[in-house]
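Asker: Give the three-dimensional model of this entry:
(one chain, ligands or ions: 1)
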Amino acid sequence: MRVSKSLFAIALGAAIAATSYAQAEDKIVVGFSQIGAESEWRTANTNDVKAAAERAGVELKFSDAQQKQENQIRAIRSFISQKVDVIGFVPIVETGWDNVLRQAKQANIPVVVMDRDLKVSDESLYVAKIGTDQVEEGRKAFRWIDDYITKNNIKPRNGGDTINIVILEGTVGASAAVGRSKGFNEALAASPNKDKYKILASQTGDFTRQKGQEVMESFLKNYRDDIDVLFSQNDDMALGAIQAIEAAGLKPSKDIVIVGADAVKGMFQAMIDGKANATIECNPLQGDLFFETCKKILAGESVPKSVYVEEGVFDTTNAAEAFPTRKY
Ligand code: GZL
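Answerer: The predicted model follows:
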């Protein structure tokens with residue numbers, strides 16, 4: 001980070017196309033605001049960002065927002081005053097970013113978004129977004145459930161005429177929760193079997209294991225033998241729910257089919273132990289692509305506005321085989 005050269009580059013930049021950024025001749029400095037450490041997935045994402053910064057030879061200024069948007073906004077403002085070369089962040093919720101991103105743009109500091117999506121009034125407030133297709137993850141979750149229920153001819157546990165689903169949602173307002181709900185409901189509505197299913201209850205567990213267990217306890221209290229399927233919008237909440245299901249004297253994955261999202265190691269172990277059925281992968285290993293994108297932007301190269309990383313679906317038919325090579 002250079003004060004004089006940056007000021008000169010900004011002045012020069014005013015004369016050239018607005019998209020040119022200070023060319024970083026020495027070590028690039030990236031300010032990164034991370035949500036917190038709410039799940040195995042988030043920890044894997046953080047570890048990957050830090051390792052990728054090392055690999056890229058980038059100076060990383062890392063801030064943990066402890067699950068608070070105001071802490072992210074404060075961190076971004078601090079990165080602006082420190083005149084970092086690039087600002088990266090994971091938007092904990094979709095909205096509320098316009099003002100601080102406008103300040104970054106006025107300071108001619110490019111912003112690269114990672115993991116979750118955001119909604120802004122002006123798409124030029126960020127240069128690129130690297131993440132995962134969370135709507136598609138929701139579609140994959142319902143399609144797996146529909147396929148499994150149909151192939152195994154699973155009947156409602158209460159002898160009724162609908163397969164009853166409960167949903168543990170992620171953090172309220174987070175694109176990962178909004179997107180997975182949207183995709184799940186889209187796929188359900190498009191299914192030829194749609195009338196066979198009923199969503200009994202859907203409530204946030206805030207992506208944490210503890211809250212997932214607590215909300216599942218309340219679902220069981222209200223609907224115990226009416227519940228046939230749990231869709232948990234991340235694996236940590238699913239693992240908490242498994243504890244609640246066992247404590248209620250029910251067999252997880254047998255009495256209640258359990259589908260999570262993320263594909264973290266804890267969920268692989270649960271599938272291998274016969275306590276969970278499937279998980280929809282959401283790849284946290286986005287660091288290398290993120291820093292490659294930062295370098296391209298600073299070199300004045302064009303970059304895609306939005307890139308999704310690759311991800312699959314894992315269940316009891318492939319969990320044991322895949323487990324040894326899982327990286328998170
Ligand atoms: C998804 C990511 C979500 C994970 C959760 O892209 O933002 O946040 O699914 C994490 O485990 O808390």
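Asker: In stretch 120-138, which residues are buried?
Answerer: 120, 125-138 (16 or more other C-beta atoms under 10 Å). Heads up, the C-betas are built off the backbone N, CA and C, glycines and all.
Asker: Around the ligand, which positions in this structure sit nearby?
Answerer: 38-39, 41-42, 115-116, 132, 134, 176, 207, 234, 236, 261-262, 282 (C-beta under 6 Å from any ligand atom).
Asker: Where helices are concerned, which of these count?
Answerer: 41-42, 134, 176, 236 (DSSP state H).
Asker: okay, the residues you listed in CSV with pLDDT next?
Answerer: Below are these laid out as CSV (pLDDT from 0 to 100):
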residue, pLDDT
Trp41, 97
Arg42, 98
Gln134, 96
Ala176, 98
Asp236, 98
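Asker: would you turn the residues you listed into TSV with distance to Gly266?
Answerer: Below are those laid out as TSV (distance: C-beta to C-beta, whole Å):
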residue	distance to Gly266
Trp41	10
Arg42	13
Gln134	20
Ala176	18
Asp236	7
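Asker: Under the pLDDT cut-off, which ranges of the chain? List them.
Answerer: The chain contains residues with pLDDT under 70 at 1-25.
Asker: And the strands in it?
Answerer: Under the criterion DSSP state E, strands of the chain are mapped to 29-34, 59-64, 86-89, 111-115, 128-131, 163-169, 197-204, 229-232, 257-262, 278-281, 306-308, 313-315.
Asker: would JSON lines of those strands with distance to Ala52 be doable?
Answerer: Below are the strands of the chain laid out as JSON lines (distance: least, C-beta to C-beta, whole Å):
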{"stretch": "strand 29-34", "distance to Ala52": "10"}
{"stretch": "strand 59-64", "distance to Ala52": "9"}
{"stretch": "strand 86-89", "distance to Ala52": "11"}
{"stretch": "strand 111-115", "distance to Ala52": "11"}
{"stretch": "strand 128-131", "distance to Ala52": "11"}
{"stretch": "strand 163-169", "distance to Ala52": "30"}
{"stretch": "strand 197-204", "distance to Ala52": "30"}
{"stretch": "strand 229-232", "distance to Ala52": "28"}
{"stretch": "strand 257-262", "distance to Ala52": "19"}
{"stretch": "strand 278-281", "distance to Ala52": "19"}
{"stretch": "strand 306-308", "distance to Ala52": "15"}
{"stretch": "strand 313-315", "distance to Ala52": "24"}
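Asker: ok, which pair from the buried residues of stretch 120-138 is furthest apart?
Answerer: The most widely separated members of the buried residues of stretch 120-138, counting by C-beta to C-beta, are Val127 and Gly138 (27.2 Å).
Asker: Next one: Gln72 from the ligand, what distance?
Answerer: Note on Gln72: its distance to the ligand, by C-beta to the nearest ligand atom, to the nearest Å, is 13 Å.
Asker: partners of Leu60 in the sheet?
Answerer: Beta bridges link Leu60 to Val30 when assigned by DSSP bridges.
Asker: Go through stretch 265-281 and flag the buried ones.
Answerer: Here stretch 265-281 shows 266-268, 270-271, 275-281 as buried, counting by 16+ other C-beta under 10 Å.
Asker: Quick one: residues in contact with it.
Answerer: Stretch 265-281 is contacted from outside by 40, 137, 140-141, 144, 148, 235-236, 238-239, 242, 246, 252-254, 257-264, 311-316, 319-320, 322-323, 326, 328, using C-beta atoms under 8 Å, 6 or more residues apart in numbering.
Asker: Next up, the contacts around Gln103.
Answerer: 76-77, 80.
Asker: These, buried ones only, as a ChimeraX selection?
Answerer: To isolate the buried members of those in ChimeraX, using 16+ other C-beta under 10 Å:
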select :76,80
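Asker: Of the contacts of Gln103, which is the nearest to Ser63?
Answerer: For the contacts of Gln103, the residue nearest Ser63 by C-beta to C-beta is Ile76; the value is 8.6 Å.
Asker: To what extent is the residue nearest to that closest one when sequence neighbours are not counted buried, counted in neighbours?
Answerer: Spatial nearest neighbour of Ile76, chain neighbours left out: Val100 (4.9 Å); criterion: C-beta to C-beta, 6 or more residues apart in numbering. Residues within reach of Val100, counting by other C-beta atoms under 10 Å, total 23.
Asker: What of Asn99?
Answerer: There are 10 residues near Asn99, going by other C-beta under 10 Å.
Asker: can you tell me how far the closest residue to Gly212 other than its chain neighbours sits from Val111?
Answerer: Of all residues not flanking Gly212 in the chain, Met237 sits nearest, at 2.8 Å (C-beta to C-beta, 6+ apart). Distance of Met237 to Val111, given as C-beta to C-beta, to the nearest Å: 30 Å.
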